[in-house]
Structure formats: C-alpha cells, structure tokens
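J.: Starting from these lines, generate the structure:
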Amino acid sequence: MPEVSDAVRRDLKTVVGAAGIFTDPADLEAHLVDERRAFRGVAPVLLKPASTDEVVAIVQICADAGVGIVPQGGRTGLCGGTVPVTGGGEVLVSLERLRRIRELDAQGFTMTCEAGCILQTLQHEAESADRLFPLSLAAEGSCTIGGNLSTNAGGINVLRYGMARSLTLGLEVVLPDGTLWDDLGALRKDNRGYDLKQLFIGAEGTLGIITAATMELFPRPRDVDTAFLAVADPEAALQLFAVAREVAADMMVAFELNDRNALDMVFQHMDGVRDPFPTRYSWYVLLELTAGVDGHARAAGEQILAAAFQRGLVLDGVRADSLAHRAGLWRLRETVTEAQKHEGRSLKHDISVPVVAVPQFIDEATAAVRRGWPGYRVLAFGHVGDGNIHFNVFGPPGNDGEQLFAESEAIEDAVFAIADRMQGSFSAEHGIGQLKRRALRQYAPAGSLEMMKALKRTLDPQGIMNPGKVV
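T.: Take a look at the predicted model:
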C-alpha cells in the first residue's frame with residue numbers, strides 16, 4: 001500500500017473535521033493492538049466519521065489514492081481482524097460514532113440501527129419496546145453491531161435464534177469504490193436474485209464497510225427457566241441435550257458446557273461467584289428455556305430434569321428461583337473468558353463439529369494435547385447445542401507463554417486435524433482475521449478459497465479493504 005500522503009490527510013480532515021481525525025500516537029494506541037495483544041500494527045491516521053455520507057467520502061478518497069482502509073467496531077475480536085498489517089499504508093476507520101437507532105418497529109418486529117451501536121444498547125432498546133434482540137455474547141457491553149455482522153457473531157442463543165446472519169434482514173454497505181449500497185429493507189421474503197447482503201456478513205470488512213443494518217426482533221419471553229447441572233462427562237451432556245430437545249423443542253435457547261478447569265479459574269479470579277454444589281464435579285451444563293406463556297418453560301424444565309435424573313444423566317442440579325439467582329448461574333459461564341486472562345496467555349481454538357461428535361472431539365483433542373505436550377492444560381467449554389467448543393490450551397502453571405506460542409502451529413495442526421476429520425470447522429464464530437489465514441488455506445473446503453479470492457478481486461480490485469485479512 002502507498003503511504004498516506006499529506007494531501008490525502010488534508011482531504012480526509014475536510015470530510016470528518018477536526019473532531020473526527022486523530023494522528024497523535026496516544027490516541028491511536030488502543031486501535032493498533034487486538035483484544036489479546038497478540039497483534040500490533042502501525043497506522044498514521046484514525047478516522048471517526050459521524051455519518052454514512054462521511055464514510056462514503058472517506059472510501060472515495062482512499063480508493064482514488066489506493067490507500068488501504070481498516071474498519072473497526074468495538075475491537076473485541078480474537079483474530080487480529082482490526083489491526084493494520086502493511087506498516088503505515090492504511091487508515092483506521094472507526095464506526096463508533098455511528099450510534100443512531102434509525103427505527104424500531106415493534107409491530108413489525110424489526111430494528112434499523114447504525115454500525116457503531118453497542119450490542120447491549122440494542123438489547124435494552126428492544127426490551128424497552130417489549131421485544132427481544134437475541135444476539136448475546138460475552139463482549140456485548142463493548143462490541144458493536146457492525147463488528148458483530150462483519151464477523152457473523154454467534155454467542156449463547158444460536159441454538160434457538162441462529163447466528164448474526166440469521167437475524168439480518170437488510171444492510172447498508174459502502175463498497176470499496178465508495179459506492180453506497182442501500183438494501184435496508186425489512187423483507188423476510190425476497191428472491192430477487194442473489195442474497196447479496198450475505199457477502200458482507202462474516203467478510204470482516206474485506207468487501208466493504210457495513211454502516212447500518214435492519215435486524216429482526218422477537219417477542220420478549222414471559223417465562224424463563226434456568227438450570228445449572230452437574231454431569232459425568234460430555235457424553236452424558238449430549239444425551240441430556242437430546243432429552244431436553246425432545247421435551248422443550250424450540251423453547252431451549254441455551255445449552256452450555258463447562259469443564260471443571262473453567263470453573264476453577266472463575267472461582268479463583270472472579271468476584272461475586274460461588275460454587276452451586278458442595279461437591280466437585282468434572283463437567284457442568286447450563287440449560288435455559290424460554291416461553292411466551294407463563295409457566296410453560298418451568299413445566300418443560302421440570303419434565304426434562306425428571307427424565308434426566310431417572311436416566312442417571314444428571315448428578316446434581318440447581319434451578320434459578322429469582323432473576324438474581326439466574327444472573328449468578330450465568331455469571332459462572334459468562335466470566336470464563338475474563339477469568340482466563342488471569343492465567344496468562346493461551347491458545348484459543350474456536351471449533352465446531354456436528355453436535356453428535358462433541359464428546360469424541362473433546363476426548364481426542366484433549367488426549368492429543370496431553371500426549372504431545374505433557375504438562376499443558378486444556379480448558380474446554382462452549383455451546384454444545386450448536387456444536388461449538390472453545391478448546392483452549394494453556395502452558396504449565398507459571399509458564400510465561402513463550403514456549404506455548406512457539407508450539408502454537410503444531411498444537412493447532414493437531415487440534416484442527418481432528419475437527420477436520422469429523423467434518424468440523426476450525427473457526428465456528430471468531431472469524432479468520434490475521435490469525436487463521438494459514439488454517440483457511442489448509443482446511444477450507446475444496447474450491448472455497450478460490451471463490452473467496454474471486455469475490456475479493458471483483459468487489460475490491462485494488463485490495464484496499466482491510467488488507468491482509470481472511471484471503
């Protein structure tokens with residue numbers, strides 16, 4: 001990429017004004033490193049446009065000059081997707097000032113919002129209209145909907161509501177030549193050719209900049225039943241999942257699995273948590289049901305637990321009897337990611353396999369790590385209901401992480417090969433960014449990478465949109 005010339009900087013400043021351009025290294029610092037501090041980049045300019053029109057003008061200027069653009073949202077991604085890579089030839093474009101909810105249509109169950117809206121804000125706005133926006137993940141207090149869409153975020157409610165792309169009815173996107181593509185309609189049925197919005201969801205800003213979206217809302221649940229259950233192993237959890245699915249059908253919104261290592265980290269490092277049981281168990285399931293009618297979720301939960309205990313699938317269990325109790329049970333799951341940071345650096349493998357293969361994957365991958373790297377610690381947790389396991393590896397206690405990262409590619413290859421053999425994916429919901437480009441080349445289905453590159457060349461022939469990411 002060419003250097004960002006003084007003339008380009010002047011033109012960009014004219015677009016965003018003094019309040020929207022930053023060149024002081026202190027202002028740029030937080031925007032040049034990723035969440036895990038695994039990637040660090042260089043960029044001369046940070047832009048914070050205040051409108052879609054300003055984004056259009058920025059992209060037009062950069063396209064004319066051949067300057068690279070790195071779009072940024074809440075910067076909570078784990079794969080280095082928002083960190084520049086070319087050594088100074090890119091400008092950073094943060095969408096954080098685009099925070100307007102353009103329309104909330106409670107009757108039509110839709111919400112049109114700008115890319116910089118914080119996910120938690122959208123959840124609260126939907127709730128204030130007696131509606132539910134179900135996208136929910138650990139970073140929801142700081143991640144933005146533009147970033148969620150660009151990475152096709154998943155989270156804890158995928159089992160019932162699907163990933164971010166399933167919730168998206170329309171998009172507004174600035175294309176790499178500065179053209180504004182406006183398809184913000186709220187249609188649930190539209191077969192006018194290709195579903196073009198899907199090109200940009202999960203593309204990590206490599207095909208254009210998402211500036212707004214129309215998202216689907218749902219009725220707000222009237223009844224919630226949450227249970228934290230101890231099980232013998234992942235196979236018992238899988239059998240419990242089958243029972244719960246048979247009884248509850250689409251009332252089941254979450255089926256989360258934690259191993260004891262994850263809970264031990266939470267108990268050691270996080271405040272306001274306690275073990276629900278007097279006895280230590282090896283594996284735990286957090287099960288949540290919701291219903292639109294009072295009592296329906298609770299009744300289904302009772303039926304599930306009766307069947308589970310009768311079959312010996314559950315060793316112990318507690319059910320939330322208040323909102324505060326429910327929040328406490330969810331905190332045991334939601335703080336796992338934060339607790340890990342206190343244990344030092346780790347390799348975070350975001351794996352998905354067919355649901356039926358989850359126990360086998362955990363067993364085989366754990367054995368492979370312990371066999372190849374004695375003393376290394378495995379932490380397995382995640383969304384069993386949709387087959388997504390976060391399979392994280394830590395060095396021995398007290399290890400500074402250097403040896404772990406020196407072995408990272410070999411460990412990845414061992415873990416990814418097992419998932420691939422099970423017809424799984426090495427990236428369930430975290431994306432590719434910089435971190436997983438090598439894995440994409442190795443494990444993408446035959447022909448997929450070539451099609452991705454063809455799309456990139458067609459929509460972004462100069463290669464200015466988020467260079468060095470994905471393909």
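
J.: which intervals of this protein have sub-threshold pLDDT?
T.: 400 (pLDDT under 70).

J.: Tell me which residue lies nearest the centroid of it.
T.: Ala153 (3.7 Å; C-alpha atoms, centre = their mean).

J.: In three-state terms, label that one for me.
T.: For Ala153, the assignment made with DSSP: H, G, I helix; E, B strand; the rest coil gives coil.

J.: repeat for Val91
T.: Per three-state DSSP, Val91 ends up strand.

J.: Bridging across strands, which residues link to it?
T.: Note on Val91: beta-bridge partners Val45, Ile69, judged by DSSP bridges.

J.: that older thread, find the nearest non-adjacent residue to the residue nearest to the centre of the chain, please.
T.: Spatial nearest neighbour of Ala153, excluding adjacent residues (C-beta to C-beta, 6 or more residues apart in numbering): Ala164 at 4.7 Å. C-beta: built from backbone N, CA, C; applies to glycine.

J.: With Arg36 instead?
T.: Leu78 (6.0 Å).

J.: Could you report the neighbour count for that neighbour?
T.: Neighbourhood size, Leu78 [other C-beta atoms under 10 Å]: 21.

J.: that older thread, give the contact list for the residue nearest to Ala153.
T.: Ala164 makes contacts with Leu135, Asn148, Leu149, Thr151, Asn152, Ala153, Gly154, Ile201, as judged by C-beta atoms under 8 Å, 6 or more residues apart in numbering.

J.: which of the residues you listed has the most neighbours?
T.: Asn148 (31 neighbours).

J.: and it, which of the three is it?
T.: Looking at Asn148 with three-state DSSP, the answer is helix.

J.: tell me the helices in the stretch 51-200 of the chain, going along the chain?
T.: 52-65, 119-128, 145-150, 158-161, 197-200 (DSSP state H, counting those that start in this stretch).

J.: taking the ones you listed together, which one is wrapped up most tightly?
T.: helix 145-150 (a mean of 30; mean count of other C-beta atoms under 10 Å).

J.: can you give me how far stretch 436-456 is from the chain middle?
T.: 20 Å (C-alpha atoms, centre = their mean, to the nearest Å).

J.: go on, stretch 50-66?
T.: Offset of stretch 50-66 from its chain centre (C-alpha atoms, centre = their mean): 27 Å.

J.: got the contact list for it?
T.: Counting contacts by C-beta under 8 Å, 6+ apart, the residues outside stretch 50-66 that touch it are 1-2, 4-5, 8, 11-12, 15-16, 19-20, 47, 49, 67-69, 91, 93, 95, 97-98, 114, 172, 174-180, 209, 211-212, 462, 464.

J.: Pipe the helices of the stretch 51-200 of the chain into TSV and attach distance to Asp24 per row.
T.: TSV is the format used below for the helices of the stretch 51-200 of the chain (distance: least, C-beta to C-beta, whole Å):
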stretch	distance to Asp24
helix 52-65	19
helix 119-128	28
helix 145-150	24
helix 158-161	40
helix 197-200	32
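
J.: which one of those lies closest to His269?
T.: Closest approach to His269 among the helices of the stretch 51-200 of the chain (C-beta to C-beta): helix 119-128, 22.8 Å.

J.: Mind listing what's buried along stretch 243-262?
T.: Using 16 or more other C-beta atoms under 10 Å as the test for burial, stretch 243-262 gives 243-245, 247-248, 251-259, 261-262.

J.: out of those, which are inside strands?
T.: The strands, defined by DSSP state E, take in Met252, Val253, Ala254, Phe255, Glu256, Leu257, Asn258, Asp259 from the buried residues of stretch 243-262.

J.: What is the neighbour count of Val336?
T.: Count around Val336 with other C-beta under 10 Å applied: 24.

J.: mind listing what it touches?
T.: Counting by C-beta under 8 Å, 6+ apart, Val336 has contacts Asn258, Ala262, Met265, Val266, Leu379, Phe381.

J.: residues in contact with Leu440?
T.: Ser427, Ile432, Leu449, Val470, Val471.
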